[in-house]
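J.: Next input, structure requested:
(chains A, B, C, D, E and F)
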6 protein chains.
Amino acid sequence: MVDVGEKPDTVRVAVAKGKVVMRSDTLALIKKNKIPKGDILTLAQVAGINAAKHTWELVPLCHPLLLTDIQVELALSDNAVEITCQVKATGKTGVEMEALTAVCGSALAIYDMAKSLDPAMRIQDVRLVRKSGGKSGEVILDS
Amino acid sequence: MVDVGEKPDTVRVAVAKGKVVMRSDTLALIKKNKIPKGDILTLAQVAGINAAKHTWELVPLCHPLLLTDIQVELALSDNAVEITCQVKATGKTGVEMEALTAVCGSALAIYDMAKSLDPAMRIQDVRLVRKSGGKSGEVILDS
Amino acid sequence: MVDVGEKPDTVRVAVAKGKVVMRSDTLALIKKNKIPKGDILTLAQVAGINAAKHTWELVPLCHPLLLTDIQVELALSDNAVEITCQVKATGKTGVEMEALTAVCGSALAIYDMAKSLDPAMRIQDVRLVRKSGGKSGEVILDS
Amino acid sequence: MVDVGEKPDTVRVAVAKGKVVMRSDTLALIKKNKIPKGDILTLAQVAGINAAKHTWELVPLCHPLLLTDIQVELALSDNAVEITCQVKATGKTGVEMEALTAVCGSALAIYDMAKSLDPAMRIQDVRLVRKSGGKSGEVILDS
Amino acid sequence: MVDVGEKPDTVRVAVAKGKVVMRSDTLALIKKNKIPKGDILTLAQVAGINAAKHTWELVPLCHPLLLTDIQVELALSDNAVEITCQVKATGKTGVEMEALTAVCGSALAIYDMAKSLDPAMRIQDVRLVRKSGGKSGEVILDS
Amino acid sequence: MVDVGEKPDTVRVAVAKGKVVMRSDTLALIKKNKIPKGDILTLAQVAGINAAKHTWELVPLCHPLLLTDIQVELALSDNAVEITCQVKATGKTGVEMEALTAVCGSALAIYDMAKSLDPAMRIQDVRLVRKSGGKSGEVILDS
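T.: Residues are numbered from 1 along each chain as shown, chains lettered A, B, ... in the order given. A predicted model of the protein is given here:
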């Protein structure tokens, strides 16, 4: 584990994105909120928030952090549910892993809820989009 | 949650795959086990196993299951660490979510350990490859 | 802890109920799904399911159990959100605690989401309504 | 989730109360510490403390917090075990949910330990009594 | 992880022991239940039971198991609190790790509660005493 | 639980040690990294780090803490794997329990991985070696 004890407490923000690619008829059911297992977008939001809070026990070398905000936004594109997660904390290390874990948690919930209809769905393009706070300041990696 | 109480206990197997795509110089460091944070492939294996065991608390509508085996295999391709997870259980519902969660957990650990070198890494192609057990029998989705 | 090892595996069902009593204007906002923090009834359902799965780590002498079904139903009465949780498992001990924990988890989520509007809300009448399975068979305590 | 990142760190205190209403003969056994499953009041205290620490994973939109104190007090009235929980933290958001979750955790442990004797027990009147810290200062809701 | 899927479900029992060695005046306070932090023996019992239930998330290659009984017994010898934990399950793999984890959990709680008085306490002789069930049958290692 | 709310945030360090005593042929296999279940020293390190992060839910009266560093070092002596864990945090209470829990977690993982070869292994001499930070300043108990 990296010793972060000497680092100052700064405001940390990280944004990660990803998507669950699926068939258009599956997407159409999501658009109409007709997935039989329930309200898939709300559950995917909750699952993303929950996953972010569990990052410390999922990622072996992650430090526990006091997350001050977790936002999970879902949008429907032509062939996918697009996931954007923004995580904030005031602390000694960044929240990149929390944002990426939130995207994965949200994507897994989507897969779970629609898997009986479309088991070939794929989680794609899970990546860090930008982060700020700490020594490196604002870093923009993607959009 | 789907009521699985009436389903018989059968042997369930699921295999999921995914990869973490990265720069070739990052991959070269992994090949030589020179990532400064530690032994990345062993930690990614442990993280995958650990994530599979936490599936019930990450995926909102997942049932708890008695997993009897979790295998995480990692291979290095030209531009990625390729992850294959196989999960087994004897139970009333399948282990697809556990296999997919293991792939995500393993991928997140890889990202975490190499992120200072290559923050633009991406988690790609997380998908169910095959499953067996239960009413639908053997289902092969991908290779 | 009670040794349940000698008991046979039987189908266990338990139903618990409870309610969150609140002001009528708070209830009116819930009816219109206008609580600023989000979709309160869906979140309360998810919270109930999640709490049931965490029963083993909340109640000191509870055994871990393979829950096969968790249903959380919410209804709006004159002055309260009424919560009904039904939990099922096939196992050596009953699921009363899981059903009651689900009601508490669901009630706490409702309180959390509406607390800025109505901090005087109260969780009331959390009780076991009926259970079946095991030596005592069907037991009806309330309706 | 509410973004609390801009809020100052202040000392937060919350007190919640509730009770488990039961038959007088059950209460008499508790008074004599004769419940067969063990020392019910000590276990209920521990369960309340433990539940408060798990609040972040039970209540979907709760932030993780560094709790600095959790006190669970139990008193026997005519027909109930009365539970009072006080939680403190220095942080950016209040500890109401932690105090209420502690009351629920304590009540569930009491129910669990006495349920074979008196399954009709009820958890009643779980409510926030007072809180201080943060923008709203001291708020007294009940006694 | 070892694949235990092919093994039959048998009744598994494991007994582990250990002790917390301390000064005689610390032990005298425990004998009189005068440790300022609370009822140390009851808390150590609860902590042992709780630790056993968390074994799956503490020991990297442990399988989740449906524990049917966890007993933690504490005895005071001349210079130590002696801990004996017996764990049972019906399953495909043994419960040695659960029994040993219970001893460690119990010992850590004892240390925590008495540490302000006697920080030089030591956890000693944590070992498996006997186990039964599975292919190897009854195995007695120590007393 | 001790109320630590009034204590200042200081840098806290604690070092704990312990060992797993075993037969020399078991130790020889570890030296050559030939334990069939996998890379035992890396897994013991990860298990120690993971256990430290779970201290709050294992030790009943422990406060949650923002650990800033966890180091687990393993060395092979004549008859044992020797474990040294150092934990750091900036906070209102010490990290002794986290360091001791890390030693136990690491020791349990070693036992688990080698138990089929040498079930008579023993966890010995788990003790606090030194701590600093807080009112009592540097305290050296052992080496």
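J.: Residue of chain A nearest chain C, please.
T.: A:T42 (4.6 Å; C-beta to the nearest C-beta). Glycine gets a C-beta too; all of them are placed from N, C-alpha and C.
J.: May I have the secondary structure class of that residue?
T.: helix (DSSP: H, G, I helix; E, B strand; the rest coil).
J.: and chain A, which of its residues are near chain D?
T.: A:11, A:46, A:49-50, A:53-54, A:64-71, A:88-90 (C-beta under 8 Å from any C-beta of the partner chain).
J.: tell me, how many neighbours does the residue of chain A closest to chain C end up with?
T.: 20 (other C-beta atoms under 10 Å in any protein chain shown).
J.: is any part of the longest helix along chain A close to chain F?
T.: Counting residues, the longest helix found in chain A (DSSP state H) is helix A:96-114. No. Counting by C-beta under 8 Å from any C-beta, chain F has no neighbours in helix A:96-114; the shortest distance is 13.6 Å.
J.: next helix or strand past that helix?
T.: strand A:122-132 (DSSP states H and E).
J.: mean confidence for stretch A:97-109?
T.: The pLDDT scores in stretch A:97-109 average 98.
J.: for stretch A:119-133, same thing?
T.: Per-residue pLDDT over stretch A:119-133 has a mean of 97.
J.: send the alpha carbons of it over as PDB?
T.: Provided in PDB are the C-alpha atoms of stretch A:119-133 (Å, rounded to 0.1, in the frame of the first residue of the first chain):
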ATOM      1  CA  PRO A 119     -27.100 -12.700 -22.000                       C
ATOM      2  CA  ALA A 120     -24.600 -11.500 -24.700                       C
ATOM      3  CA  MET A 121     -24.500  -7.900 -23.300                       C
ATOM      4  CA  ARG A 122     -21.000  -6.600 -22.800                       C
ATOM      5  CA  ILE A 123     -19.400  -4.100 -20.400                       C
ATOM      6  CA  GLN A 124     -17.200  -1.800 -22.500                       C
ATOM      7  CA  ASP A 125     -14.900   1.200 -22.300                       C
ATOM      8  CA  VAL A 126     -14.700   1.500 -18.500                       C
ATOM      9  CA  ARG A 127     -12.200   4.300 -18.100                       C
ATOM     10  CA  LEU A 128     -11.200   7.300 -16.100                       C
ATOM     11  CA  VAL A 129     -12.300  10.500 -17.800                       C
ATOM     12  CA  ARG A 130     -10.900  13.100 -15.600                       C
ATOM     13  CA  LYS A 131      -9.700  13.700 -12.100                       C
ATOM     14  CA  SER A 132      -8.700  16.700 -10.000                       C
ATOM     15  CA  GLY A 133      -7.100  17.400  -6.600                       C
END
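J.: Figure out how far it is from the centre of its chain.
T.: With C-alpha atoms, centre = their mean, to the nearest Å as the basis, stretch A:119-133 stands 7 Å off its chain's centre.
J.: how about stretch A:1-14: buried residues?
T.: A:1, A:4-5, A:10, A:12-14 (16 or more other C-beta atoms under 10 Å in any protein chain shown).
J.: Please read the previous query as pertaining to stretch A:21-36.
T.: Residues of stretch A:21-36 classed as buried: A:21-22, A:26-27, A:29-30, A:35 (neighbour count, 16+ other C-beta under 10 Å).
J.: hmm, it in reach of chain C?
T.: No. Stretch A:21-36 stays out of contact with chain C when judged by C-beta under 8 Å from any C-beta, the minimum separation being 10.8 Å.
J.: how about the residues of chain A near chain E?
T.: Contact residues (C-beta under 8 Å from any C-beta) of chain A with chain E: A:E57.
J.: the bottom helix or strand of chain A by mean pLDDT?
T.: Every helix and strand in chain A was compared by mean pLDDT, DSSP states H and E; the lowest is strand A:139-140, with a mean of 94.
J.: Would you mind listing the outside residues contacting that strand?
T.: Contacts to strand A:139-140, defined as C-beta atoms under 8 Å, 6 or more residues apart in numbering or on different chains, come from residues A:129-132, B:119.
J.: so which pair among the residues you listed is furthest apart in space?
T.: A:S132 and B:P119 (12.9 Å; C-beta to C-beta).
J.: Once you drop chain neighbours, what's closest to the residue nearest the centre of chain A?
T.: Nearest residue to the geometric centre of chain A (C-alpha atoms, centre = their mean): A:V103, 2.0 Å. Using C-beta to C-beta, 6 or more residues apart in numbering or on different chains and skipping residues adjacent in sequence, the residue nearest A:V103 is A:G18, 4.2 Å away.
J.: bridging residues for that neighbour?
T.: A:I83 (DSSP bridges).
J.: surely it meets A:G105?
T.: No. Using C-beta atoms under 8 Å, A:G18 is not in contact with A:G105, being 10.5 Å away.
J.: which one of the two has more residues nearby?
T.: A:G105 (30 against 26).
J.: okay if I get the buried residues of stretch A:1-14 as TSV plus secondary structure and pLDDT?
T.: Formatted as TSV, the buried residues of stretch A:1-14 follow (DSSP: H, G, I helix; E, B strand; the rest coil; pLDDT from 0 to 100):
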residue	secondary structure	pLDDT
A:M1	coil	92
A:V4	coil	96
A:G5	coil	95
A:T10	strand	95
A:R12	strand	97
A:V13	strand	98
A:A14	strand	98
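J.: As CSV, those residues with distance to B:A109 would be great.
T.: CSV is the format used below for those (distance: C-beta to C-beta, whole Å):
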residue, distance to B:A109
A:M1, 13
A:V4, 18
A:G5, 22
A:T10, 25
A:R12, 20
A:V13, 23
A:A14, 17
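J.: Closest one of those residues to chain F?
T.: Taking the buried residues of stretch A:1-14 together and measuring to chain F by C-beta to the nearest C-beta, the closest member is A:G5, at 3.8 Å.
J.: Can you tell me the closest non-neighbouring residue to the closest one?
T.: Distance criterion C-beta to C-beta, 6+ apart; nearest residue to A:G5, sequence neighbours excluded, is F:T68 at 3.8 Å.
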